[in-house]
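J.: requesting a structural model of the entry that follows:
(one chain, ligands or ions: 2)
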Amino acid sequence: MEMERTFVMIKPDGVQRGLVGKILQRFEDRGMKIAGMKLIHVTVDLASTHYEEHVGKPFYEPLMKYIQSGPVVVAVIEAPDAIEQVRKMVGATDPADADVGTIRHTWAQDVTRNRIHAADSPASAEGEIGIYFKEGEILDYPLSVHDWMFRD
Ligand code: IDP
Ligand code: MG
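T.: Residues are numbered from 1 along each chain as shown. Ligands and ions are numbered 1, 2, ... in the order given. Predicted coordinates for the structure are as follows:
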């Protein structure tokens with residue numbers, strides 16, 4: 001089975017609400033591998049690179065302030081079709097539109113403070129992993145459950 005890597009960030013409100021374990025548990029429950037993970041404070045430089053595509057939009061300034069307002073957990077999640085699968089688990093940008101059972105529907109109410117970020121394409125996954133992780137911080141290791149999940 002071909003593996004793919006995606007980038008996720010549990011945003012400051014997710015950390016403050018004590019949701020780090022619960023959110024990561026969902027990825028682990030699906031047998032996805034955590035290939036990298038750390039708790040960081042997003043600097044203005046990191047935030048402006050990450051959210052470059054949103055410069056000039058009405059929510060840009062509040063988004064920049066929000067993402068720097070407390071520690072976040074950044075992680076690299078590895079699985080077959082990880083980018084699309086994780087986006088589905090995260091749900092629509094506005095939690096009000098997110099499908100029942102998704103992370104945003106379960107734990108968020110506000111379109112800005114929507115708990116979690118996930119890369120939306122192979123290009124953004126690669127770019128965002130590069131913004132937040134240095135070489136050596138992403139680990140290559142066998143996850144034994146994958147032998148059982150993806151055999152044959
Ligand atoms: P995504 O996180 O679902 O990929 P994007 O359009 O990339 O959504 O927007 C990035 C982030 O900016 C969102 O997760 C949310 O925090 C915030 N945001 C997006 N659209 C709005 C909006 O219309 N009002 C307020 N905040 C928004
Ligand atoms: Mg996005």
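
J.: I67: how many residues sit nearby?
T.: Residues contacting I67 under the criterion other C-beta atoms under 10 Å number 20. C-beta here means a position set from N, CA and C on the backbone, and glycine is covered the same way.

J.: surely it and Y51 touch.
T.: Yes. If you go by C-beta atoms under 8 Å, I67 and Y51 touch, sitting 7.3 Å apart.

J.: close to ligand 1: what parts of this protein are there?
T.: By C-beta under 6 Å from any ligand atom, the residues of the chain that approach ligand 1 are 59, 63, 93, 111-112, 114, 117, 120.

J.: please redo it, this time with the cut-off set to 8 Å
T.: Contact residues (C-beta under 8 Å from any ligand atom) of the chain with ligand 1: 11, 51, 53-54, 57-59, 62-63, 66-67, 87, 90, 92-94, 111-114, 117-118, 120.

J.: residue contacts, the residue nearest to E2 when sequence neighbours are not counted?
T.: Distance criterion C-beta to C-beta, 6 or more residues apart in numbering; nearest residue to E2, sequence neighbours excluded, is P80 at 6.3 Å. Counting by C-beta atoms under 8 Å, 6 or more residues apart in numbering, P80 touches 1-4, 150.

J.: recalculate using a threshold of 7 Å.
T.: Neighbouring residues of P80 by C-beta atoms under 7 Å, 6 or more residues apart in numbering: 1-4.

J.: which parts of stretch 95-103 are buried?
T.: By neighbour count on 16 or more other C-beta atoms under 10 Å, the buried set for stretch 95-103 is 95, 98, 102-103.
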